[in-house]
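Chemist: 3D model of this:
(one chain, ligands or ions: 2)
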Amino acid sequence: MSDMQSNGVTVWFKKLEHAMDLDLPGYESGEAAGMDVRAAITEPIVLKPGERALVPAGFQMALPRGYEAQIRPRSGLAYKYGITMLNSPGTIDSDYRGEVKVLAINHGNDPFTINHGDRIAQMVISPVIQATVRKTDTLPGTERGQGGFGSTGVA
Ligand SMILES: O=c1ccn([C@H]2C[C@H](O)[C@@H](COP(=O)(O)OP(=O)(O)OP(=O)(O)O)O2)c(=O)[nH]1
Ligand SMILES: [Mg+2]
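Modeler: Ligands and ions are numbered 1, 2, ... in the order given. Predicted coordinates for the structure are as follows:
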């Protein structure tokens, strides 16, 4: 992908031993927001309804400072089988150098098998802001005030 297409943001990947036969995460269409992430496992994982598993993705990565990667569900797996990410969106910090993993959970009614190489999740690269944290005893007032959790009605 050219720098023009990628908005000048480069992400570096290092494949791990157990994933040498797999494609690195990749965009499946020209303007896809997420790169699909594959399961890098030595034997299939069977998730019974309600079960979760930390699925290795087979790579380490380096994001530029000021960016995160979000591990999100694929809607097809969610719709057809109830497979999602328990911590969605999972957060990959730009200073993380461990193997990326996917925390999958089966919210469906049937056991679901994850095989080596399956596209189990997608990963979106996103800018983040690290705010300056300051302490005060008085916050600026607003029209909403403390109203929340449906205070404006439902329809
Ligand atoms: O779906 C995920 C979520 C996290 N991570 C890795 C990358 C991330 O940078 C690190 C820490 O994640 P997070 O901050 O969400 O977890 P934590 O429980 O706060 O752990 P820590 O104390 O290590 O920050 O774990 C993944 O590989 N997959
Ligand atoms: Mg953390």
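
Chemist: Next, count neighbours for the residue of the chain found nearest ligand 1.
Modeler: Proximity of the chain to ligand 1 (CB to the nearest ligand atom) peaks at Gly90, 2.2 Å away. Yep, even glycine has a C-beta here, placed from its N, CA and C like the rest. Using other CB atoms under 10 Å, Gly90 has 19 neighbouring residues.

Chemist: What strand or helix carries the nearest residue to it once chain neighbours are set aside?
Modeler: Nearest non-adjacent residue to Gly90, counting by CB to CB, 6 or more residues apart in numbering: Ile71, 3.4 Å away. Assigned by DSSP states H and E, Ile71 belongs to strand 67-72.

Chemist: what's the spacing between that strand and its chain's center?
Modeler: Here strand 67-72 is found 5 Å from its chain centre; the criterion is CA atoms, centre = their mean, to the nearest Å.

Chemist: what pairs with the least confident helix or strand in the chain by mean pLDDT, and is each one parallel or antiparallel?
Modeler: Counting by mean pLDDT, DSSP states H and E, the weakest-scoring helix or strand in the chain turns out to be strand 26-27, with a mean of 94. Using DSSP bridges, the strands paired with strand 26-27 are strand 35-38 (antiparallel).
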